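K.L.:
coordinates only, sequence not included:
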Ligand code: FES
Ligand SMILES: [Fe+2]
């Protein structure tokens, strides 16, 4: 349980808030590079700031204020030039550093005034990594975009999926340090959704939460596993500050504002050995709705959609003054305590946890990965088919509903499998 004041403090993301300042010490994934193959401009709302992300004709990404400093037109309807983004109202042109390069009429009417030199538009640094576009809204000097090791894995089919979830980011991230929900939300409820008479699966017997340089790890032992099992020896990673890393994929919970979160997932599927060498020419990206338009209810068929139901169900901003935490929630407690102590560091002008500035350190940063051999070395198809969880992933996409058929087809081709529709999702 938290006081109303602490709950408020941990959940606010605006530039004038403590947590907003802490979150601005990290790069945030906001879009996919491939989304700019057939469009050059996307409006982006990030931590309560309305911005425009664009890729100009020279291939440079820029992230600038959504409103033009001239008379406030919407730059999401601007157009790109060789260098920069031009407002569609009177043609003022801005570069990625926020400089005003042209004011077409002012440049003719009074060129010596150089009015444009007095104009700056708010702009933020943008970088690309892993097929994602990353933004940094914090103070300079900016740290480095983390080079997590999966971004360099070879022979994989990667895809990026987005969903907008109408609730605060922190309750989404608390899900990243919550092992027991797997048993109930994904296994037992998932089974019950398919079969009213289903049996419950194996129970959790113990859980553990450990801190490491880049986050928290949770480990778990169930009735059907012992201490030699990878979920006890390795576990899964609550990656700082707003990501969940499960070995084969990342899930970021990026605050759009205090009441909405962009779920960004980056998913790696190793191809069978027979398909090597496999080089992916582009990382596809897609966005899907999370509500069933026919029933008006949240979609519940896929793993992350089930998580979304938990998150939005907690309320737009979960009221942590009215919760009752137990032993299973010790990871949630650790996460909040760490953020609270990091708020003090930020107030003292220091870096919070897991900000990376050393280029030597930022090279294929190793993370706990339970199935490392599969991702690094792969297996022949016949063996792949028999793997308990990953074998099923060859025949269905269980993570998020709404995957476009062309992404499924590209995946199956990469795996060397015939393109047939995905099998129904069966979790556990
Ligand atoms: S409002 Fe943008 S150029 Fe005038
Ligand atoms: Fe989950």
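P.N.:
Nice, I can see it. In this text, all values refer to a predicted model and were calculated from it rather than measured experimentally. Ligands and ions are numbered 1, 2, ... in the order given.

K.L.:
Next, the contact list for residue 153, please.
P.N.:
Neighbouring residues of residue 153 by Cβ atoms under 8 Å, 6 or more residues apart in numbering: 268, 270, 375-376. (Glycine included, C-beta is placed from N, CA and C.)

K.L.:
Can you give me the buried ones in stretch 345-362?
P.N.:
346, 352-356 (16 or more other Cβ atoms under 10 Å).

K.L.:
meant to ask about stretch 127-144
P.N.:
128-138, 142-144.

K.L.:
Mind picking the two most distant members of these?
P.N.:
Distance extremes for those: the farthest pair is 131 and 138 at 23.0 Å, using Cβ to Cβ.

K.L.:
Am I right that residue 240 is in contact with residue 215?
P.N.:
Yes - Residue 240 lies in contact with residue 215 (Cβ atoms under 8 Å); the separation is 4.5 Å.

K.L.:
what's around the closest residue to residue 316 other than its chain neighbours, how many residues?
P.N.:
In this structure, residue 316 finds its nearest non-sequential neighbour in residue 259, 5.0 Å apart by Cβ to Cβ, 6 or more residues apart in numbering. The local packing of residue 259 (other Cβ atoms under 10 Å) involves 15 other residues.

K.L.:
Tell me who's in contact with residue 259.
P.N.:
Residue 259 touches 166-168, 316-317, counting by Cβ under 8 Å, 6+ apart.

K.L.:
hey, where'd the strands end up in the stretch 1-150 of the chain?
P.N.:
28-32, 41-46, 49-55, 61-65, 79-80, 85-86, 93-94, 100-102, 123-124, 126-129, 132-135 (DSSP state E, counting those that start in this stretch).

K.L.:
partners of the first one in the sheet?
P.N.:
Sheet pairing for strand 28-32, assigned by DSSP bridges, gives strand 132-135 (antiparallel).

K.L.:
what does the fourth one give?
P.N.:
For strand 61-65, the pairing partners within the sheet under DSSP bridges are strand 49-55 (antiparallel), strand 123-124 (antiparallel).

K.L.:
and it, how far from the chain's centre?
P.N.:
Relative to its chain's centre, strand 61-65 lies at 19 Å (Cα atoms, centre = their mean, to the nearest Å).

K.L.:
before we move on, what about the longest one?
P.N.:
On the basis of Cα atoms, centre = their mean, the separation between the geometric centre of strand 49-55 and that of its chain is 17 Å.

K.L.:
list the contacts for the closest residue to ligand 1 within the stretch 301-428 of the chain?
P.N.:
Taking Cβ to the nearest ligand atom, ligand 1 has its nearest neighbour within the stretch 301-428 of the chain at residue 316, 33.6 Å off. Going by Cβ under 8 Å, 6+ apart, residue 316 touches 166-168, 259.

K.L.:
Mind picking the two most distant members of the residues you listed?
P.N.:
166 and 168 (9.5 Å).

K.L.:
of these two, who's got more company?
P.N.:
Each of residue 166 and residue 168 has its neighbours counted (other Cβ under 10 Å); residue 168 has more, 27 against 14.

K.L.:
give me the number of residues near the closest residue to the more buried one other than its chain neighbours?
P.N.:
With Cβ to Cβ, 6+ apart as the criterion, residue 168 has its nearest non-adjacent residue at 4.3 Å, and that residue is residue 317. As a burial measure, residue 317 scores 18 neighbours (other Cβ under 10 Å).

K.L.:
ok, now residue 37?
P.N.:
Neighbours around residue 37, by other Cβ under 10 Å: 12.

K.L.:
distance of it from ligand 1?
P.N.:
Counting by Cβ to the nearest ligand atom, to the nearest Å, the gap from residue 37 to ligand 1 is 27 Å.

K.L.:
Make sure that residue is actually in contact with residue 283.
P.N.:
No - the pair residue 37 and residue 283 does not pass the contact test of Cβ under 8 Å, sitting 10.7 Å apart.

K.L.:
Mutual contacts of those two, please.
P.N.:
In contact with both residue 37 and residue 283: no residue, using Cβ under 8 Å, 6+ apart.

K.L.:
Wasn't residue 158 part of a strand?
P.N.:
Yes - counting by DSSP: H, G, I helix; E, B strand; the rest coil, residue 158 is located in a strand.

K.L.:
tell me the centre residue of the chain?
P.N.:
In the chain, the residue lying closest to the centroid (Cα atoms, centre = their mean) is residue 252, at 2.5 Å.

K.L.:
who does it bridge with?
P.N.:
With DSSP bridges applied, residue 252 shows beta-bridge pairing to residue 243, residue 264.

K.L.:
which residues touch the closest residue to residue 224 other than its chain neighbours?
P.N.:
Nearest non-adjacent residue to residue 224, counting by Cβ to Cβ, 6+ apart: residue 202, 4.0 Å away. Residues near residue 202 by Cβ under 8 Å, 6+ apart: 183, 222-225.

K.L.:
One more: residue 26?
P.N.:
136, 138, 143, 240-242, 354-355.

K.L.:
How much space separates it from residue 91?
P.N.:
Plainly put, residue 26 is 36 Å away from residue 91 if you go by Cβ to Cβ, to the nearest Å.

K.L.:
Now do the same contact list for residue 390.
P.N.:
Listed by Cβ under 8 Å, 6+ apart, the contact set of residue 390 reads 248, 371, 374, 384.

K.L.:
Next step: those restricted to helices.
P.N.:
374, 384 (DSSP state H).

K.L.:
I'd like the contacts of residue 390 written out as CSV, with neighbour count added.
P.N.:
Formatted as CSV, those follow (neighbours: other Cβ atoms under 10 Å):
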residue, neighbour count
248, 22
371, 16
374, 17
384, 20
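
K.L.:
May I see the contacts of residue 390 arranged in CSV, with pLDDT and distance to ligand 1 as well?
P.N.:
Output for the contacts of residue 390, formatted as CSV (pLDDT from 0 to 100; distance: Cβ to the nearest ligand atom, whole Å):
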residue, pLDDT, distance to ligand 1
248, 96, 45
371, 94, 52
374, 97, 52
384, 98, 54
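
K.L.:
ranges for the strands of the stretch 251-400 of the chain?
P.N.:
260-270, 285-287.

K.L.:
Helices along the stretch 301-428 of the chain, start to end?
P.N.:
Using DSSP state H, counting those that start in this stretch, the helices of the stretch 301-428 of the chain run over 303-313, 330-347, 372-377, 381-386, 390-393, 405-415.

K.L.:
of all the ones you listed, which lies closest to residue 208?
P.N.:
Smallest distance to residue 208 across the helices of the stretch 301-428 of the chain (Cβ to Cβ): 8.7 Å, for helix 330-347.
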